[in-house]
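Engineer: Structure for the following, please:
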Amino acid sequence: MKTIEELENFMSEPSAQLLRDIALIDGDILILGVGGKMGPTLAKLAKSAIDKAGIEKKVIGVSRFSSGDLKNELEDYGIETIAADLLDEKSLQSLPDVKNVIYMAGNKFGTVGNEHFTWAMNAYLPGRIAEKFSKSRIVAFSTGNVYPLTKTVRNNCSEDSTVNPIGEYAQSCLGRERVLTYFSHVNKTPMLLFRLNYAIDLRYGVLSEIAKNVYGEQAIDLTMGNVNVIWQGDANEYAIRSLLHCNTSVKVLNVTGPETLSIRWLAEEFGKRFGKVPIFANEEQDFALLNNAANAHQLFGYPKVTIQQMVDMVADWISNDGDTLNKPTHFQEREGAF
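Structural biologist: Numbers count the residues shown, from 1 in each chain. Below you'll find the predicted structure:
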């Protein structure tokens with residue numbers, strides 16, 4: 001893939017399993033926070049699946065759309081758009097009542113020094129969303145950051161593991177989960193909490209950051225020595241299909257790839273492709289932020305895009321000076337300060 005159009009077309013191609021499931025999801029789909037890193041391709045994937053399944057269903061994307069031409073881009077794809085600030089009560093209440101909500105809005109980076117906004121977005125707003133869409137089914141994006149660092153050789157952070165978030169961002173995300181769960185219990189709203197880490201495409205993500213460091217002969221910090229990743233297209237498909245698995249007892253689902261990946265190994269794989277020797281700093285610690293997604297794989301199958309495919313595609317993209325987003329993951333962060 002050489003262009004953003006080719007990349008997005010690849011991520012928007014629905015699998016046979018998604019075509020089957022999209023036909024089973026009754027009602028339109030509303031995506032709150034469609035303007036984020038994953039939202040545009042998730043919306044396009046949903047629309048593509050609807051069209052290829054030959055069914056009638058709207059995909060509606062909500063965002064502030066404060067800059068760029070994303071609004072026109074989505075509308076050209078057949079996706080309805082609504083410009084709204086979700087923290088504005090009048091704007092929130094004006095949104096249409098839709099049977100299916102994928103809730104992606106939140107705040108992570110810039111939390112330090114602006115903690116009040118992060119808590120408003122991640123813990124206050126979910127209650128307002130839950131009340132507004134009490135008659136809908138809701139898939140709410142969350143994060144594996146709600147778990148503590150776990151011993152690498154075990155990677156036992158399943159959905160049954162005790163949460164213990166590090167730092168205010170992760171704490172606010174647990175707040176989001178608790179508030180949504182409260183309203184689900186009160187209003188009998190079917191929900192699924194989608195604990196994701198880390199989604200990647202070629203323009204951003206853990207692999208892109210490691211590849212850029214190797215290619216640019218910059219040191220790679222090994223302190224957070226291991227990581228989980230999943231191709232963004234696979235994560236988006238899981239999210240859409242998760243609408244069929246919401247329930248009023250609130251289902252929690254870890255979402256990532258099946259491997260516990262060594263940062264050192266990833267850097268060496270990129271080094272082979274670039275003909276460069278990676279530069280490392282520090283040593284791997286025994287504990288890392290990891291996420292065991294075995295239950296998601298049982299529900300939806302293993303991700304279609306493998307880690308070797310991701311490494312190959314990212315290496316090709318970086319070596320050909322492909323466009324990148326200035327949105328680092330900060331996967332190296334161990335103290336939760338984002």
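Engineer: rest of the way, CA atoms for contacts and neighbours
Structural biologist: Noted.
Engineer: Tell me how many other residues surround the closest residue to residue 332 other than its chain neighbours.
Structural biologist: Excluding its sequence neighbours, the residue lying closest to residue 332 (CA to CA, 6 or more residues apart in numbering) is residue 224, at 5.3 Å. Around residue 224 there are 21 other residues, counting by other CA atoms under 10 Å.
Engineer: How about residue 4?
Structural biologist: If we define neighbours as other CA under 10 Å, then residue 4 has 14 of them.
Engineer: now swap in residue 219 and tell me
Structural biologist: 14.
Engineer: Am I right that it is in contact with residue 278?
Structural biologist: Yes: taking contacts as CA atoms under 8 Å, residue 219 lies within contact range of residue 278: 7.4 Å.
Engineer: Contacts for the helix or strand where residue 264 lies next, please.
Structural biologist: Here residue 264, judged by DSSP states H and E, is contained in helix 263-274. Helix 263-274 is contacted from outside by 207, 210-211, 214-215, 222, 224-227, 277-278, 311-312, 315, 319, using CA atoms under 8 Å, 6 or more residues apart in numbering.
Engineer: Remind me what the following helix or strand past it packs against, helices and strands.
Structural biologist: Later in the chain than helix 263-274, the nearest helix or strand by DSSP H and E is strand 279-281. Packing partners of strand 279-281 (3 or more CA pairs under 8 Å, 6 or more residues apart in numbering; DSSP states H and E): strand 219-221.
Engineer: Just give me how far the helix or strand that comes right after the strand it packs on sits from the chain centre.
Structural biologist: Using DSSP H and E, the next helix or strand after strand 219-221 towards the C-terminus is strand 226-227. Between the centre of strand 226-227 and the centre of its chain there are 17 Å (CA atoms, centre = their mean, to the nearest Å).
Engineer: average model confidence for strand 226-227?
Structural biologist: Strand 226-227 shows a mean pLDDT of 96.
Engineer: What pairs with it, parallel or antiparallel?
Structural biologist: Paired with strand 226-227 in the same sheet, following DSSP bridges, are strand 261-262 (antiparallel).
Engineer: quick one: contacts of the strand it pairs with?
Structural biologist: 225-228.
Engineer: what do you get for stretch 73-90?
Structural biologist: So stretch 73-90 is contacted by 40, 43-44, 47, 58-65, 71, 91-92, 121, 125 (CA under 8 Å, 6+ apart).
Engineer: When you filter the residues you listed down to buried only, what's left?
Structural biologist: Burial by neighbour count, judged by 16 or more other CA atoms under 10 Å, picks out 40, 43-44, 47, 58-63, 65, 71, 92, 121, 125 from those.
Engineer: Restricted to strands, list the contacts of stretch 73-90.
Structural biologist: Counting by DSSP state E, those place 59-63 in strands.
Engineer: closest to residue 183 among the residues you listed?
Structural biologist: Among the ones in strands among the contacts of stretch 73-90, residue 62 lies closest to residue 183 (CA to CA), at 21.8 Å.
Engineer: so what's that closest one up against?
Structural biologist: 30-35, 81-84.
Engineer: Show me the helices in the stretch 101-250 of the chain, by range?
Structural biologist: Secondary structure of the stretch 101-250 of the chain (DSSP state H, counting those that start in this stretch): helices located at 115-119, 125-132, 167-187, 206-215, 232-241.
Engineer: CA atoms only for the shortest one, dumped as PDB, please.
Structural biologist: Coordinates of the C-alpha atoms in helix 115-119 are reproduced here as PDB (Å, rounded to 0.1, in the frame of the first residue of the first chain):
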ATOM      1  CA  GLU A 115      -7.200  16.700  34.600                       C
ATOM      2  CA  HIS A 116     -10.600  18.300  35.100                       C
ATOM      3  CA  PHE A 117     -11.300  18.100  31.300                       C
ATOM      4  CA  THR A 118     -10.200  14.400  31.200                       C
ATOM      5  CA  TRP A 119     -12.500  13.500  34.100                       C
END
